[in-house]
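**Student:** pasting the sequence and the predicted model now:
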Amino acid sequence: MPGRKKTLSIFSFSETQLRFLKYCLGFFIPVVIAYFILELLVLNIPINYKVFGNYLNTHAKEIEVMGLGSSQMKCGFNPAFSEKIAINLSSTSQHHNEDFHILKGTKDRLPKLKYVLLEVSYNHLELPHHSADYWKNTIYLKYYGVNAFERPTWFKDRLVYLSNTRFYSYKLMEYYVYKSSSQKLNEYGFDTNNYNGDFKKLNYNESKIATNKFKIITREDPTIFKENTAFLFEMLEYAKAENLKVVVCTLPLYKTYLKERNPNIVRRRDSVLTVIKNKYDNVILLNKETDTINFTVYDFLNENHLNPDGAKKFTALVNRRLDSLN
């Protein structure tokens with residue numbers, strides 16, 4: 001009987017098997033090289049997550065305020081105008097479960113953290129949370145050092161391009177080929193040039209805006225509402241145990257959006273805000289969703305997002321709330 005080493009040796013392969021092995025190597029090696037080139041190109045794009053991570057790492061010992069939430073908070077809170085050293089780790093479609101992972105995953109690195117801005121917008125409590133395999137978990141791991149996968153991580157979890165190839169392929173073309181990106185990120189990762197929305201295209205003409213079609217979710221889901229509300233209270237209990245003061249925010253909406261909201265969703269959400277206000281002495285509300293006096297058409301990017309001018313106003317309101325907490 002031949003020895004085990006001889007049996008497993010590459011020299012024991014037939015000529016056909018060797019040809020197949022060479023073919024596989026000839027195919028996969030260029031693919032792997034091409035992928036890593038794409039990965040390096042993506043990592044060199046100045047996206048906001050990268051700036052967030054850099055700011056988090058370099059100012060960890062100074063940060064007092066953390067903003068969390070979805071695109072509404074991302075567009076609405078500009079740390080450059082905060083009277084306290086702040087970071088805004090909000091991002092598009094980010095939900096409370098991601099917020100909680102970020103908060104818990106960075107808390108020990110932020111010795112001066114005292115305040116958390118937490119978004120509870122119109123239908124925030126009736127949208128399902130993302131799964132543990134959500135593509136942005138790679139972003140949180142790569143740039144923030146936060147494991148939101150709810151499991152031990154491995155090499156693939158840090159590969160940014162692979163996490164969302166469609167999104168990053170678009171970013172690659174936009175940045176390297178078409179050079180069409182208009183964003184201007186400040187040191188905090190806030191886009192100070194974020195004006196190119198529907199309202200600017202319509203020249204801020206309120207008559208045209210009144211007939212503009214926009215997306216709004218009116219579907220109700222009381223079951224998800226119940227689950228998400230319980231999760232929100234868990235977050236608030238954590239904040240209280242960690243001696244953090246919380247500003248629960250609803251951000252301004254344009255009047256046409258306000259009219260289209262589902263009143264049942266609004267009622268349920270507002271009932272939770274009332275409970276929070278009465279239950280937690282470390283929480284204060286900043287309810288500006290229906291503020292159509294301080295926020296005009298010129299403060300909006302579209303029906304449910306502020307532009308940088310509106311963000312400056314909203315950040316000033318945050319400053320006042322933080323002063324009142326003191």
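**Tutor:** It's in. All figures in this text were calculated on a predicted structure; none of them were measured in a lab.

**Student:** next, count neighbours for Ile209.
**Tutor:** Residues lying near Ile209 (other CB atoms under 10 Å) number 20. All C-beta atoms are positioned from the backbone trio N, CA, C, and that covers glycine.

**Student:** what's the nearest residue to it once chain neighbours are set aside in contact with, if anything?
**Tutor:** Excluding the flanking residues, the one nearest Ile209 by CB to CB, 6 or more residues apart in numbering is Leu202, at 5.5 Å. If you count contacts by CB atoms under 8 Å, 6 or more residues apart in numbering, Leu202 has them with 208-209, 212.

**Student:** would you turn those residues into a markdown table with secondary structure, pLDDT and distance to Arg267?
**Tutor:** Converted to a markdown table, these look like this (DSSP: H, G, I helix; E, B strand; the rest coil; pLDDT from 0 to 100; distance: CB to CB, whole Å):
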| residue | secondary structure | pLDDT | distance to Arg267 |
| --- | --- | --- | --- |
| Lys208 | helix | 98 | 31 |
| Ile209 | helix | 98 | 27 |
| Asn212 | coil | 97 | 26 |
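
**Student:** what about Gly67, which helix or strand?
**Tutor:** Assigning secondary structure by DSSP states H and E places Gly67 in strand 65-68.

**Student:** by contact count, what packs against that strand?
**Tutor:** Counting contacts by 3 or more CB pairs under 8 Å, 6 or more residues apart in numbering; DSSP states H and E, strand 65-68 packs against strand 86-88, helix 96-106, strand 115-119.

**Student:** got the ones you listed as TSV, with mean pLDDT columns?
**Tutor:** Shown next, in TSV, are the helices and strands packed on strand 65-68 (pLDDT from 0 to 100):
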stretch	mean pLDDT
strand 86-88	98
helix 96-106	98
strand 115-119	98
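
**Student:** most tightly packed of those?
**Tutor:** strand 86-88 (a mean of 27; mean count of other CB atoms under 10 Å).

**Student:** helices and strands around it, which ones?
**Tutor:** Looks like strand 86-88 contacts helix 48-58, strand 65-68 (3+ CB pairs under 8 Å, 6+ apart).

**Student:** how far off centre is that strand?
**Tutor:** 12 Å (CA atoms, centre = their mean, to the nearest Å).

**Student:** returning to that earlier point: okay if I get the helices and strands packed on strand 86-88 as CSV plus distance to Leu322, mean neighbour count and mean pLDDT?
**Tutor:** Listed next are the helices and strands packed on strand 86-88 as CSV, based on distance: least, CB to CB, whole Å; neighbours: other CB atoms under 10 Å; pLDDT from 0 to 100:
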stretch, distance to Leu322, mean neighbour count, mean pLDDT
helix 48-58, 19, 18, 97
strand 65-68, 7, 26, 98
